[in-house]
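Engineer: sequence isn't available, so here's the structure alone:
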């Protein structure tokens with residue numbers, strides 16, 4: 001298997017499992033490891049075994065490898081863009097169907113961090129939840145009562161809502177599409193309160209803008225595009241017959 005373009009490799013376990021299920025006579029020898037950066041025309045692995053099994057698994061194996069490598073590669077671009085700041089890159093739950101754990105792993109291979117895996121490991125209070133509860137304070141209070149010990153995050157769309165979330169004691173506040181100026185002000189207000197609340201910027205983030213966002217002092221930037229807008233890495237497989245094999 002060859003990389004036709006530079007990439008961060010990810011997906012080794014999935015390729016191995018494709019061939020393990022097809023035929024135990026197939027072996028996969030890796031020349032590049034998950035999280036490793038490779039150049040164009042690099043050999044990623046050598047798959048050895050009966051031609052029928054090797055070719056039967058070719059497309060499934062390549063699909064896993066090129067999709068997960070794409071997520072890892074895109075994540076690394078964002079991580080590199082904010083290098084030197086205290087800001088960290090987060091993924092979201094906007095993953096491809098059936099591949100949530102795989103893509104979350106790929107984000108980590110690219111140097112990013114995982115946000116919540118599902119609806120069970122963190123409470124994220126959004127606009128409709130606030131409306132249903134009556135206020136940010138009421139929503140946070142309900143979350144604390146129903147799920148004690150679980151991290152509670154509140155999504156806000158203004159500095160006024162930020163003040164409410166800080167007063168309610170949210171563990172994390174998501175700043176949804178706030179301007180750079182408002183993000184800086186949000187950081188100042190959080191720091192003035194000496195609050196332990198962490199701030200996450202989200203919405204409309206691009207590679208060209210992420211460093212300016214990070215420079216505002218926010219703790220995290222979350223990017224759905226890491227997992228939902230990926231363009232597969234260009235990979236290919238080429239067959240070689242060894243001496244004594246029938247072509």
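Structural biologist: On my side now, so go ahead. Computed from a predicted structure; not experimentally measured.
Engineer: what about the helices in the chain?
Structural biologist: 12-22, 51-56, 58-81, 100-109, 127-133, 136-146, 159-168, 180-192, 210-214, 225-228 (DSSP state H).
Engineer: show me what counts as buried in the second one.
Structural biologist: Within helix 51-56, the residues that qualify as buried are 53-54, 56, counting by 16 or more other C-beta atoms under 10 Å. Every residue, glycine included, has its C-beta placed from N, CA and C.
Engineer: quick one: mean pLDDT for that helix?
Structural biologist: In this model, helix 51-56 carries a mean pLDDT of 96.
Engineer: flag the shaky bits of this structure, pLDDT-wise.
Structural biologist: By pLDDT under 70, the low-scoring segments of the chain are 243-247.
Engineer: quickly list what residue 124 is bridged to.
Structural biologist: residue 153 (DSSP bridges).
Engineer: I'd say it and residue 174 touch.
Structural biologist: Yes: at 7.4 Å, residue 124 counts as touching residue 174 under the criterion of C-beta atoms under 8 Å.
Engineer: what residues are shared contacts of the two?
Structural biologist: Each of 153-155 lies in contact with both residue 124 and residue 174 under the rule C-beta atoms under 8 Å, 6 or more residues apart in numbering.
Engineer: okay if I get those as a markdown table plus neighbour count and distance to residue 179?
Structural biologist: As requested, those are exported to a markdown table (neighbours: other C-beta atoms under 10 Å; distance: C-beta to C-beta, whole Å):
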| residue | neighbour count | distance to residue 179 |
| --- | --- | --- |
| 153 | 22 | 21 |
| 154 | 28 | 19 |
| 155 | 22 | 16 |
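Engineer: out of those, who's nearest residue 15?
Structural biologist: The nearest member of these to residue 15, counting by C-beta to C-beta, is residue 153 at 35.3 Å.
Engineer: for the nearest residue to residue 204 once chain neighbours are set aside, what are its contacts?
Structural biologist: In this structure, residue 204 finds its nearest non-sequential neighbour in residue 177, 5.4 Å apart by C-beta to C-beta, 6 or more residues apart in numbering. Applying C-beta under 8 Å, 6+ apart, we find residue 177 in contact with 157, 202-204.
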